[in-house]
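1. only geometry, no sequence info:
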């Protein structure tokens, strides 16, 4: 749990352990990350399924659609 | 007495007497000397002259300082220092090694823009997570972002949201070993030192994860009027992040 703090004005570097508050924030960030990216994955999957269904109804492959779209 | 065409120097008349010749020559010589000096007032190495507001009288301009350029001020030439040139200054370069967090602090407010560049960001284990950056360690949902995400041309996402970070340096679920699989990108922050305006930023990031290359193009606004004095990098899991060989995180100031 190492944090590097660089003072860019002096070039001084300080390495220390994360504080309790920083560890707590890390947990919040991890939870937010999970929610955000799960939602994004679900959205992408839903789009992919909808696209596949539409192509199926049109009787086209993805490559054929790409050719039409140019 | 007759006079010359250009400088009106006095010369003897054609009908003048020979006995007046010495005086006439002295008068002419004095006039020529005075005119020549008025036209050439230089006294010192490097002096140049320019025409003054009086006819046939030049003004002496002493040489300027080293590096000066000749310019115009008040309708006359003058030496002056050249205008400051724009450019990028490397403020800091950091090579991460097994970090949980990183802070670039005490960023001077003397530039117009900040440019953060990174490459070779990798994790030490195959845990799905990301490394992101915040301004002044602000973890609130104060980053109004519009982004375009593209994954191997197959899936693209447009999204607008109030995020809690400015840019992803790396997002992956693997311990990358090849440089092309690691996080790389840039983040440009405009007017970062302002204490009265929100901060516009743009970024572009690319990385490899889940068997696909991903690209994020981000246009955002940090909804704070505070001057940005630190960039803070955090992770969202337990894996540490490092720079691969010959890579780093570089912060530039743009004048």
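-> Yep, it's here. Fair warning: this is a prediction, and the values are worked out from it, not measured in the lab.
2. residues in chain B within reach of chain A, list them.
-> B:91-92, B:94, B:96, B:98-108, B:128-130, B:132, B:139, B:149, B:151, B:154-155, B:157, B:159, B:164, B:171, B:234-237, B:240, B:251 (C-beta under 8 Å from any C-beta of the partner chain). From N, CA and C alone the C-beta is placed, and that goes for glycine too.
3. now those: which count as buried?
-> Of the members of the residues of chain B next to chain A, the ones counted as buried by neighbours, 16 or more other C-beta atoms under 10 Å in any protein chain shown, are B:91-92, B:94, B:96, B:99-107, B:128-130, B:132, B:149, B:151, B:155, B:164, B:171, B:234-237, B:240, B:251.
4. strands - which of those residues land there?
-> Counting by DSSP state E, those place B:91-92, B:94, B:101-105, B:129-130, B:132, B:149, B:151, B:155, B:171, B:234-235, B:251 in strands.
5. mind listing what residue 13 touches?
-> Let's take chain A. Residue A:13 makes contacts with A:4, A:5, A:6, A:7, as judged by C-beta atoms under 8 Å, 6 or more residues apart in numbering or on different chains.
6. let's do chain B instead
-> B:1, B:2.
7. relative to residue A:62, which of the contacts of residue A:13 is nearest.
-> residue A:4 (45.7 Å; C-beta to C-beta).
8. assumed the closest one was part of a strand.
-> Yes. Counting by DSSP: H, G, I helix; E, B strand; the rest coil, residue A:4 is found in a strand.
9. which helix or strand contains residue B:138?
-> Per DSSP states H and E: residue B:138 is located in neither a helix nor a strand.
10. now the closest residue to it other than its chain neighbours: how far from residue B:107?
-> In space, and not counting its chain neighbours, residue B:138 is closest to residue B:224: 6.6 Å by C-beta to C-beta, 6 or more residues apart in numbering or on different chains. Relative to residue B:107, residue B:224 is positioned 15 Å away (C-beta to C-beta, to the nearest Å).
11. now do the helices in chain A.
-> For chain A, helices defined by DSSP state H occupy the ranges A:20-58, A:62-69.
12. same question for chain B.
-> B:21-39.
13. other SSEs contacting the helix-or-strand element of it with minimal mean pLDDT?
-> Using mean pLDDT, DSSP states H and E, the weakest-scoring helix or strand in chain B turns out to be strand B:155-163, at a mean of 76. The helices and strands touching strand B:155-163, judged by 3 or more C-beta pairs under 8 Å, 6 or more residues apart in numbering or on different chains; DSSP states H and E, are helix A:20-58, strand B:143-151.
14. right, so these: which one is the most enclosed?
-> strand B:143-151 (a mean of 18; mean count of other C-beta atoms under 10 Å in any protein chain shown).
15. what's the angle between that one and helix A:20-58?
-> 50 degrees (axes from the mean of the first three to the mean of the last three C-alpha atoms, to 10 degrees).
16. which bits of chain A sit near chain B?
-> That would be A:1-11, A:18, A:22, A:25-26, A:28-30, A:32-34, A:37, A:40, A:43-44, A:47-48, which are the residues of chain A within reach of chain B (C-beta under 8 Å from any C-beta).
17. sorry, back to before: same list (the helices and strands packed on strand B:155-163) but as a markdown table, adding mean pLDDT and distance to residue A:65.
-> A markdown table is the format used below for these (pLDDT from 0 to 100; distance: least, C-beta to C-beta, whole Å):
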| stretch | mean pLDDT | distance to residue A:65 |
| --- | --- | --- |
| helix A:20-58 | 86 | 6 |
| strand B:143-151 | 86 | 18 |
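18. out of the ones you listed, which is closest to residue B:199?
-> strand B:143-151 (9.6 Å).
19. list the neighbouring strands of that closest one plus their orientation.
-> Take DSSP bridges as the rule and strand B:143-151 pairs in its sheet with strand B:155-163 (antiparallel), strand B:212-222 (antiparallel).
20. now, of the ones you listed, which is deepest in the fold?
-> strand B:212-222 (a mean of 18).
21. next one: that one to chain centre, how far?
-> Offset of strand B:212-222 from its chain centre (C-alpha atoms, centre = their mean, to the nearest Å): 25 Å.
22. sorry, back to before: tabulate the strands paired with strand B:143-151 (CSV), appending distance to residue B:12.
-> Formatted as CSV, those follow (distance: least, C-beta to C-beta, whole Å):
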stretch, distance to residue B:12
strand B:155-163, 95
strand B:212-222, 86
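23. since that was my last question, I'll sign off now.
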